[in-house]
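[1] quick one: sequence and predicted model below, then my questions.
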Amino acid sequence: MSANITTVNRSIASLQNNNMSTRKIIQKIAFGIMWIFAALAIAMLLWIIIYVLINGAQVINLEFLTTRPRGGVSGEGGMSTTIPTTLYLVVSTLALAAPLGIGAAIYLVEYAGEVEKESRAARILIRVARTGIEILAGVPSIIFGLFGFTLFVSIMKLGFSLLSGGLAAACLILPVIIRTTEEALLSVPMSYREGSLALGANKWQTITSVILPAASPGIVTGIVLSVGRIIAETAIFWVTIGGSYRMPENLASAGRTMSLHVFMLATETRAFDKAMGTSAILIIVIVLLNLVINFISSRFEAKFMGKKV
Amino acid sequence: MNQNGKEIKINVKDFNFYYGKFQALRDINMDIPKNKITSIIGPSGCGKSTFLRSFNRMNDLIPNVNVKGEVTMESENIFEMDVVALRQRVGMVFQRPNPFPKSIFDNVAYGPRAAGLRDKTVVEELVERSLKQAAIWDEVKDDLNKSGLALSGGQQQRLCIARALAVEPEVILMDEPASALDPISTLRIEELIRILAENYTIVIVTHNMQQAARASDYSAFFNMAEDRAGYLVEFGETVKIFTNPTNQLTEDYITGRFG
């Protein structure tokens, strides 16, 4: 018995010696390839950003930022009205989608299990809902646009308006918010739930005072992703908010977001340089947005998780 | 209730526990004495934690569990009580320290606030008293706004004890409260449990024989039957269980012959 064991040990030891150099080389090659891939990916991103910024910088000045587009084939004017339009649209979309999405995710994670236990019908319904969310997350945005055009613009007679656009965009980002919130809630350790319930808190108190705060960095990430999506989206707004370059006055006004402006300038005018200028501003806004959110969430983490920034 | 001169806090009668079809506990009968430390010992998988978690109905969180028999606390059937009310009377400290990602103050104030206590000065007093009771006040009094997660493991566990005390429970359940801690922190927790037993009924699950022998007044030895259901082998004063057990199995276990 003991002789066998020592033999086995010796053979493994010699194996390792034999393989050591080959394994090291394989590791080095793998590391090198990964490094090249990462460098390529980052270089490509940087190239796009720098290209847009350099080309855009040529038309960006105070006048470009403060005058509204005047339309026409030559793409006269600046981009002033597209900035508030984008902002209004982000706010109205989030106001519609965030409460719905977060609420749905809380239900799916915290309550659905209980309901499923009790009734078969509920179990089927919840499964359908989950599958629906999965599918919706992969549907191209133009489909939501056409849906929004049919339902909100035509049938509900909301016309080309910020409201129509906001509703359609809310449908688009709802699955994103639900899924990221679900993931954030699921990542909250079970021990927090147990700890809270064991102290005589009820389920709702546990959700509002322990689970949601602990999940909020993840939820915020989901919302930021959605904001990025709204800012970047073109097709869906083309068929729901129209494209008017006037300053929107209320939710019933038509309008044009920054990315829609880029699209229109690039496809319907000769002012390709202005499309680049608007794109540059768009990129700057997105970068700033990410910086702000990173800052907020790191502060948040430091405060609640006891980590140093 | 009175039995052999000791006051009974919790009475367990013909208690059976099932996870779906699997029976985890069989026919447990046992009286938990008031304001004493009762330790529950036994090999892994014998249902010690399941038994402990029945007292505050933490097992309600798991789907498909079933109980038969009775558990009464001062002649109230705990399975008929409102679960929130029950958990306010029966607190729990878990195996791994689980402070919330909140400040030390908010961690301790959590239970009282959940119960509806709004008066700021009362909450502050309660927090201070609980932290003192849990022997951690001196270490944290200057930074109550620091996150509970920034404390060491042993401090976190004492914070969790303070958090449980702040709800002013009658019974405190402890599920291997020191198994994730170093020996010095363990000793501090044991000393703390001893002091707390003057005013609280404490039930503690432990894997550590010395801990049970050192830190408890009564001991219950659980074992696993052939179908893996846990049953109570012997229950009595810790001194007796550890020096002169009635059952051969108990003796084998505490002397380390199995388990």
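    Ah, there it is.
[2] for the residue most central in space within chain A, give me its contacts.
    Chain A has residue A:225 as the residue nearest its centroid, 1.7 Å off, counting by CA atoms, centre = their mean. Residues in contact with residue A:225 (CB atoms under 8 Å, 6 or more residues apart in numbering or on different chains) are A:176, A:180. C-betas here are computed from N, CA, C, even on glycine.
[3] that one: helix or strand, and which one exactly?
    helix A:212-232 (DSSP states H and E).
[4] quick revisit: where does the residue nearest to the centre of chain A land on pLDDT?
    You'll see residue A:225 listed with a pLDDT of 85.
[5] ok, and does stretch A:193-205 reach over to chain B?
    Yes. Using CB under 8 Å from any CB of the partner chain, stretch A:193-205 reaches chain B at A:193-202, A:205.
[6] ranking these by neighbours, who comes first?
    Neighbour counts for the residues of stretch A:193-205 next to chain B peak at residue A:199, which has 29 neighbours (criterion: other CB atoms under 10 Å in any protein chain shown).
[7] tell me if I'm right that that one and residue B:164 touch.
    Yes. Contact criterion CB atoms under 8 Å: residue A:199 and residue B:164 qualify, at 6.9 Å.
[8] can you list residues touching both of these two?
    B:91, B:111.
[9] CA atoms of the helix holding residue A:225 as CSV?
    As requested, the backbone C-alpha atoms of helix A:212-232 are provided in CSV (Å, rounded to 0.1, in the frame of the first residue of the first chain):
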residue,chain,number,x,y,z
LEU,A,212,-32.9,48.0,-2.0
PRO,A,213,-30.0,50.0,-0.5
ALA,A,214,-27.7,47.1,-0.9
ALA,A,215,-28.8,46.5,-4.5
SER,A,216,-28.8,50.2,-5.4
PRO,A,217,-25.4,50.3,-7.1
GLY,A,218,-26.6,47.6,-9.4
ILE,A,219,-29.9,49.3,-10.0
VAL,A,220,-28.1,52.6,-10.7
THR,A,221,-25.9,50.8,-13.2
GLY,A,222,-29.0,49.5,-15.0
ILE,A,223,-30.5,53.0,-15.1
VAL,A,224,-27.2,54.4,-16.5
LEU,A,225,-27.2,51.7,-19.2
SER,A,226,-30.7,52.8,-20.0
VAL,A,227,-29.8,56.5,-20.2
GLY,A,228,-27.0,55.6,-22.6
ARG,A,229,-29.5,53.6,-24.7
ILE,A,230,-32.0,56.5,-24.8
ILE,A,231,-29.3,59.0,-25.8
ALA,A,232,-27.9,56.7,-28.4
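[10] could you identify the helix or strand that succeeds it?
    According to DSSP H and E, the helix or strand after helix A:212-232 is helix A:235-238.
[11] what is that next one packed up against?
    helix A:141-148, helix A:162-186, helix A:258-268 (3 or more CB pairs under 8 Å, 6 or more residues apart in numbering or on different chains; DSSP states H and E).
[12] among those, show me which one is buried the most.
    helix A:162-186 (a mean of 24; mean count of other CB atoms under 10 Å in any protein chain shown).
[13] touching chain B at all, that helix?
    No. Using CB under 8 Å from any CB, helix A:162-186 never reaches chain B; the gap is at least 13.3 Å.
[14] that helix vs helix A:141-148, what angle?
    In terms of direction (axes from the mean of the first three to the mean of the last three CA atoms, to 10 degrees), helix A:162-186 departs from helix A:141-148 by 130 degrees.
[15] what mean pLDDT does helix A:162-186 get?
    95.
[16] restricting to C-alpha, output the helix or strand that comes right after it in PDB.
    Next helix or strand after helix A:162-186 toward the C-terminus (DSSP H and E): helix A:190-198. Below are the C-alpha coordinates for helix A:190-198, written out as PDB (Å, rounded to 0.1, in the frame of the first residue of the first chain):
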ATOM      1  CA  MET A 190     -29.400  35.900   1.700                       C
ATOM      2  CA  SER A 191     -27.800  36.600   5.100                       C
ATOM      3  CA  TYR A 192     -29.000  40.200   4.900                       C
ATOM      4  CA  ARG A 193     -32.600  39.000   4.400                       C
ATOM      5  CA  GLU A 194     -32.300  36.500   7.300                       C
ATOM      6  CA  GLY A 195     -30.700  39.100   9.500                       C
ATOM      7  CA  SER A 196     -33.400  41.600   9.000                       C
ATOM      8  CA  LEU A 197     -36.300  39.100   9.300                       C
ATOM      9  CA  ALA A 198     -34.800  37.700  12.500                       C
END
